[in-house]
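>>> Everything below, folded, please.
(chains A, B, C and D)
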2 protein chains.
Amino acid sequence: MTIQQLKYIVALDEERHFAKAAEVCMVSQPGLTIQLKNLEEEIGIKIFDRAKVPLTPTVLGKEIINRARKILRETNEIRDFVVNEKNALEGELKIGVISTLSPYLIPLFIKVMKEITPKVHFIIKEANTGQLMHDVETGALDVAIMATPTGNKNLIEHPVFQEPFVAYLNKEHPMAKENFYEIQPGDKPMLLLLQNEYCYNAQLLDICGLKAPGPIKDQFSYDISSIETLKNLVRAELGFAIIPQLSTLNEKEKELFKPFKDPKPVREISFVVSDTFSKKLLLEKMNEAIWSCLPEAIKTNVSYRKIRWNDSPYFVDAISKV
Amino acid sequence: MTIQQLKYIVALDEERHFAKAAEVCMVSQPGLTIQLKNLEEEIGIKIFDRAKVPLTPTVLGKEIINRARKILRETNEIRDFVVNEKNALEGELKIGVISTLSPYLIPLFIKVMKEITPKVHFIIKEANTGQLMHDVETGALDVAIMATPTGNKNLIEHPVFQEPFVAYLNKEHPMAKENFYEIQPGDKPMLLLLQNEYCYNAQLLDICGLKAPGPIKDQFSYDISSIETLKNLVRAELGFAIIPQLSTLNEKEKELFKPFKDPKPVREISFVVSDTFSKKLLLEKMNEAIWSCLPEAIKTNVSYRKIRWNDSPYFVDAISKV
DNA sequence: TCATGATTATAATTTTAATTTATAAAGGTA
DNA sequence: TACCTTTATAAATTAAAATTATAATCATGA
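Okay, the predicted model is just below:
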């Protein structure tokens, strides 16, 4: 069965005349006759009764012709869909980006998008995981760029890339001289976490094989809201941190940023949209743009261990507080 | 766009590997690669991102693959539909036949159907138009063989053949010596009608260009329920009749059965079913059977004037009494 | 009833398109 | 660096669809 054959039977049903139908299809009459014959032989029944004047579809033929019509409509809809998507490369798009990624990716991203989709106006908001999910669900945001999977059935996730985590050690750390990092017995209480980012913390705890944050130090109560603050706390030798690799890009002194051993822990970064989101070609362009920004070390496929933040036991408790 | 190309992208989405997908489709890897390229060029977007490992559909690609899946499912359903229909050539079928056709067609019809569908048990009932329509709508009958169009939106009609009307004159009729019949000025009061067959009468009145039956004779009140009675009344010189051609088949003396001049008035005989009726191949076989019974004179396409009984003004009044 | 016109089917050939085999290119891996 | 895996490309082959020409069928009208 071919799409061409389906076109022929539909044309034949409309014209009820081989020569006219062939003309409509811009082929010769024998071409159409032969293809009808082929189709009828393949499915095993006569679709048209040639004895009747004018030519008439058989009872079964009518049913098959209607199904053919539907199939042809749907193939045309594929074309239309693509055309509509291309037309959708203008207008406004509200993007939310997880704060642990935003400062490192968005400046590069915006630069590229200005070139490939000059007619789209991007409105970008930085937020934490809980806010992003909420805003996509309510429609306040069109797209969130965040760590996945979310486990939220109302959201659709399109993975973009895998971002490895690296450890940021201070000079006093026992592994400060190694060229990779592995969790050490004394590390657990020293791991610095982010405030208001349960999801990020859940990932770190999973990496370190912990179920809950270490005991909070009495002396200080940190209100850490960004990776940059975290890095500064490490520099002040108040602990060590596990941070996403993109946040190390602009660092001059790379020695104390230690990659993990394979399989490296990574977080999956995805576009998260609602099921009604329709500008899929725009997502495609955004995907291209991000890949053109990524350093080779991240593009390259590595042996990794994907960290899921939403099935961490810590996260389950924490999310209820959000 | 070809069905083959759609199969390829679906296989590729399932395997995420060109060589494996090609194996599933039982073609070579370059064959699949080229067809994917052709399809992508035709619709104007990339469906798969080859840079990712493993191969991943683009955001738009996912949508197209899903549409392709649906189209492929529907093409398979065409095959399944035909197979199911072939399996449906057994069981029971309740047929109702209009009484002005039944005695002449059904004996021949049954004989043929016994040969072509030996496993189907036919239950045949003779009735008038109103009863047939009602029984098909309620499901008491599977198929009615009757004059159409009915104008009933709940019923589906599959025309089978056109049956010409002929006039049956008595020897005293002014046209008794002619070899065709045309309505004569004095004919109107002499036209014999059937009791309980509004539809049939409506057709006759339409043929004669009348809006209502002629004045009923005081002397007799005929309760005529069959074409055969009608013929006997003509023989008794109580009037003349217009009768369907199949009812003249077994008559020995053909002289007084007069065909009309072209365009001949005909009634359309159809299979009438409800929209849920599914044994369409069986209808097809019944259609074949009827055509094998019909005399050449009816099979042959003639210049005709189709008589619609349901938009006769007489019928509109009459049907409300049914 | 025989020639005619209209319509569909068939045959032979041509054209087009799909597929194959062989091989190159790209990118990761030991 | 050499090797392996995977996808792309080239050239040749095969298969399929389409075309032209013509035959068969059948109703029509002189």
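>>> Show me what the lengthiest helix in chain A is packed against.
If you go by DSSP state H, chain A has its longest helix at helix A:59-87. When contacts are defined as 3 or more C-beta pairs under 8 Å, 6 or more residues apart in numbering or on different chains; DSSP states H and E, helix A:59-87 packs onto helix A:3-15, helix A:280-293, helix B:29-43, helix B:59-87, helix B:280-293. Backbone N, C-alpha and C define where each C-beta goes, glycine included.
>>> Just the closest residue of the stretch 101-250 of chain A to DNA strand D, please.
In the stretch 101-250 of chain A, the residue that lies nearest DNA strand D is residue A:159 (17.1 Å; C-beta to the nearest atom of the strand).
>>> Helix or strand: which one has that residue?
strand A:155-168 (DSSP states H and E).
>>> Spatially nearest residue to the closest residue to chain B within the stretch 101-250 of chain A, not counting backbone neighbours?
Closest contact between the stretch 101-250 of chain A and chain B, by C-beta to the nearest C-beta, is at residue A:158 (5.3 Å). Closest residue in space to residue A:158, ignoring its immediate chain neighbours: residue A:271 at 4.4 Å, by C-beta to C-beta, 6 or more residues apart in numbering or on different chains.
>>> Measure how buried that neighbour is and give me the count.
Number of residues near residue A:271 (other C-beta atoms under 10 Å in any protein chain shown) recorded here: 26.
>>> Remind me which helix or strand it belongs to.
strand A:264-274.
>>> Report the distance from that strand to the chain centre.
Counting by C-alpha atoms, centre = their mean, to the nearest Å, strand A:264-274 is centred 7 Å from the centre of its parent chain.
>>> does that strand come close to DNA strand C?
No. Applying C-beta under 7 Å from any atom of the strand, one finds strand A:264-274 out of contact with DNA strand C, separated by at least 12.0 Å.
>>> That strand to strand A:155-168, inter-axis angle?
150 degrees (axes from the mean of the first three to the mean of the last three C-alpha atoms, to 10 degrees).
>>> List the pairing partners of strand A:264-274 within its sheet, with orientation.
Looking at strand A:264-274 with DSSP bridges, its partner strands are strand A:143-148 (antiparallel), strand A:155-168 (antiparallel), strand A:304-306 (parallel).
>>> quick one, which of the ones you listed is nearest to residue A:45?
With C-beta to C-beta, the closest approach to residue A:45 among the strands paired with strand A:264-274 belongs to strand A:155-168: 41.9 Å.
>>> Let me know the angle separating the closest one from helix B:59-87.
140 degrees.
>>> What helices and strands are in contact with the next helix or strand after strand A:155-168?
Next in sequence after strand A:155-168, counting helices and strands by DSSP H and E, comes helix A:198-207. Applying 3+ C-beta pairs under 8 Å, 6+ apart, we find helix A:198-207 packed against helix A:129-138, strand A:143-148, strand A:155-168, strand A:264-274, helix A:313-321.
>>> one more time with 10 Å, if that's ok
Contacts defined by 3 or more C-beta pairs under 10 Å, 6 or more residues apart in numbering or on different chains; DSSP states H and E place helix A:198-207 against helix A:129-138, strand A:143-148, strand A:155-168, strand A:241-244, strand A:264-274, helix A:313-321.
>>> gap between residue A:38 and residue A:32?
11 Å (C-beta to C-beta, to the nearest Å).
>>> Common neighbours of those two, please.
A:5, A:8 (C-beta atoms under 10 Å, 6 or more residues apart in numbering or on different chains).
>>> Just want to know which of these two has more residues nearby.
Under the criterion of other C-beta under 10 Å, the comparison of residue A:38 against residue A:32 puts residue A:32 first, with 24 against 14.
>>> Now for the more buried one: which residues touch it?
A:4-5, A:7-9, A:11-12, A:18-19, A:21-25.
>>> could you dump the strand holding residue A:159 to PDB, C-alpha only?
The C-alpha trace of strand A:155-168 is given here as PDB (Å, rounded to 0.1, in the frame of the first residue of the first chain):
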ATOM      1  CA  LEU A 155       4.900  18.500  32.500                       C
ATOM      2  CA  ILE A 156       6.700  17.400  29.300                       C
ATOM      3  CA  GLU A 157      10.500  17.200  29.400                       C
ATOM      4  CA  HIS A 158      12.800  17.400  26.500                       C
ATOM      5  CA  PRO A 159      16.300  16.600  27.600                       C
ATOM      6  CA  VAL A 160      19.000  18.900  26.200                       C
ATOM      7  CA  PHE A 161      22.300  17.900  27.800                       C
ATOM      8  CA  GLN A 162      23.900  16.200  30.700                       C
ATOM      9  CA  GLU A 163      25.900  18.400  33.000                       C
ATOM     10  CA  PRO A 164      28.600  16.700  35.100                       C
ATOM     11  CA  PHE A 165      29.100  17.800  38.700                       C
ATOM     12  CA  VAL A 166      32.600  18.600  40.000                       C
ATOM     13  CA  ALA A 167      33.900  19.000  43.500                       C
ATOM     14  CA  TYR A 168      35.400  22.300  44.600                       C
END
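>>> Please consider this matter closed, and thank you.
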